[in-house]
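# With the input below, show me the fold.
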Amino acid sequence: TLLFSATMPKEILRIADNYMNQPDEISAGKKNVGAENVHHEYYVTHAKYRYEVLKRIADMNPKIYGIVFCRTRRETKEVADKFMNDGYNADALHGDLSQSQRDYVMNRFRNKSLQMLVATDVAARGLDVNDLTHVINYNLPDELEAYIHRSGRTGRAGKSGISIAIVHTRETRKIRELEKITGKTFKRKPIPDGKEICKKRLYTLVDKVEKVQLNEDQIGEFLPEIYKKLDWLSREELIKHFVSVEFNRFLSYYKNAPDLNVDAESSFGGREKGRRDKRGRQEFSRFFINLGKLNKLNASKLIGLINDATHTKDMEIGKIDILKKFSFFEIEKHHEKDVLKAFEAGVKFEGVRVAVEISKPDHAKDKGAYKKKERPFKKYERSGRKGGKKKPYKRK
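Below you'll find the model as predicted:
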């Protein structure tokens, strides 16, 4: 008796144990090894914003061709419906489909009539596509080994691919586990804001127009009427009108879009938070930076600033505290000198020269950075107050 499975989770091993007599396991490759051409990224947000983050990832990658993995049939339907409502060529692949419906969806995806396929792990079995640019984990699988099988669907045939995980604030520890299992580094990425997305889509449209192949034989008969209708527009006005056809859709959607990034300080709770804090003190260095909320700094912009200054994607960024006039962030200890050297080069942010140094105990009472107060005052000092002394705040 033969049993074939792309992965060997506990359920499959249990079936083999129940129905097979002393089976031998034969593996086609090394267990739990990630594909070499796959880059691993993750985004941290609150669970309720999961789809909004997914949409921003798709909007930021106009040429995306990928699979979004969900846990349940219901979720695949919901996500696919939202994608279609937002103008994407997408469809769902799940267990409720008949064989003919399944074949129809899979064929449309293979010939790239669909840009995004939303699927469960079970429904995606047997789907073999070589040109995927992205695999997106809308949810991390319960069996982390299944992540390797998902991510292995991209980066094939010598091409590179990206595997993305959208994790909520209590799932961050799973990323560390996946790094150990796969032997790969997972890079935390800032969730793009509306301005970044609009800029990306605008320049993508301009590049597309610039490189489009003209077929004057087919459009020639329509051009005189088109020239006549647009004759009243100047060259500059015509370009503005043309660009706005595509740009206005994204501008309208993202005009007042909120920042969906989660500061690392709120990414851990309860016992997990305690373990992370302990690990941070041992394996991370804490830095002070002279920028804060008054400088329009947020976690996303800080991560981008660090990446741009250090010119590396292999640096893990830990806990981030964004305060009013200054902030703190953590970097792995062995990158300490790299960070200090990078910011010595006169880096600027919003016109302000950036100053970064190792955090000292007197930097905003560093060890009390979890307090709600954004700037601790010196003893008895209260700006704008006169008169009597007031005891400093103490935690109970």
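
# Spatially, what comes nearest to residue 20 if we skip its sequence neighbours?
Beyond its immediate neighbours in the sequence, the residue positioned closest to residue 20 (CB to CB, 6 or more residues apart in numbering) is residue 1, lying 5.6 Å away. In this view, the C-beta of every residue, glycine as well, is placed from N, C-alpha and C.

# ugh, typo on my part, it should be residue 171
residue 140 (6.1 Å).

# The helix or strand hosting residue 226 - what's its average pLDDT?
Using DSSP states H and E, the secondary-structure element containing residue 226 is helix 223-230. The predicted model assigns helix 223-230 a mean pLDDT of 92.

# same deal with stretch 356-363?
Mean pLDDT, computed over stretch 356-363, is 77.

# What lies in contact with the helix holding residue 226?
residue 238 (CB atoms under 8 Å, 6 or more residues apart in numbering).

# How far off centre is whichever helix or strand comes after it?
Of the helices and strands lying after helix 223-230 in sequence (DSSP H and E), the nearest is helix 235-254. Averaged C-alpha coordinates place helix 235-254 at 27 Å from its chain's average position (CA atoms, centre = their mean, to the nearest Å).

# and the residue most central in space within the chain, what element?
Taking CA atoms, centre = their mean as the criterion, residue 43 is the residue nearest the geometric centre of the chain, at 3.5 Å. For residue 43, the enclosing helix or strand under DSSP H and E is strand 38-44.

# could you check the angle strand 38-44 makes with whichever helix or strand comes after that strand?
Counting by DSSP H and E, the next helix or strand C-terminal to strand 38-44 is helix 50-60. Using axes from the mean of the first three to the mean of the last three CA atoms, to 10 degrees, one finds that helix 50-60 and strand 38-44 are set 130 degrees apart in direction.

# Which elements pack onto the next helix or strand after helix 50-60?
The C-terminal neighbour of helix 50-60 among helices and strands, as given by DSSP H and E, is strand 66-69. Counting contacts by 3 or more CB pairs under 8 Å, 6 or more residues apart in numbering; DSSP states H and E, the secondary-structure elements packed against strand 66-69 are strand 116-119, strand 134-137.

# Could you export these to CSV, including columns for mean pLDDT, distance to residue 259 and mean neighbour count?
Listed next are the helices and strands packed on strand 66-69 as CSV, based on pLDDT from 0 to 100; distance: least, CB to CB, whole Å; neighbours: other CB atoms under 10 Å:
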stretch, mean pLDDT, distance to residue 259, mean neighbour count
strand 116-119, 96, 24, 26
strand 134-137, 96, 21, 23
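
# Kindly reformat these as CSV containing distance to residue 257.
CSV is the format used below for these (distance: least, CB to CB, whole Å):
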stretch, distance to residue 257
strand 116-119, 20
strand 134-137, 20
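
# Which among these is found nearest to residue 25?
With CB to CB as the measure, strand 134-137 is the member of the helices and strands packed on strand 66-69 nearest residue 25 (25.9 Å).

# helices and strands around the closest one, which ones?
Strand 134-137 sits against helix 50-60, strand 66-69, helix 145-151, strand 161-167, with contacts defined as 3+ CB pairs under 8 Å, 6+ apart.

# if we can go back for a sec, of all the residues in the helix holding residue 226, which ones are buried?
Of the residues in helix 223-230, none is buried under the neighbour-count criterion (16 or more other CB atoms under 10 Å).

# and the angle for it with helix 235-254?
What separates the directions of helix 223-230 and helix 235-254 is an angle of 80 degrees, with the same axes, to 10 degrees.

# Please parse this protein into its domains.
Described in terms of automatic domain parsing, the domain architecture of the chain consists of the residue ranges 28-188, 194-254, 264-368.

# Turn those into CSV, columns for distance to residue 20.
Conversion of the domains of the chain to CSV gives the following (distance: least, CB to CB, whole Å):
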stretch, distance to residue 20
domain 28-188, 19
domain 194-254, 52
domain 264-368, 39
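
# hey, which of those is tucked in deepest?
The highest average neighbour count among the domains of the chain, using mean count of other CB atoms under 10 Å, belongs to domain 28-188 at a mean of 17.

# The stretch 151-300 of the chain: strands as residue ranges?
Along the stretch 151-300 of the chain, the stretches classed as strands by DSSP state E, counting those that start in this stretch are 161-167, 186-188, 284-289.
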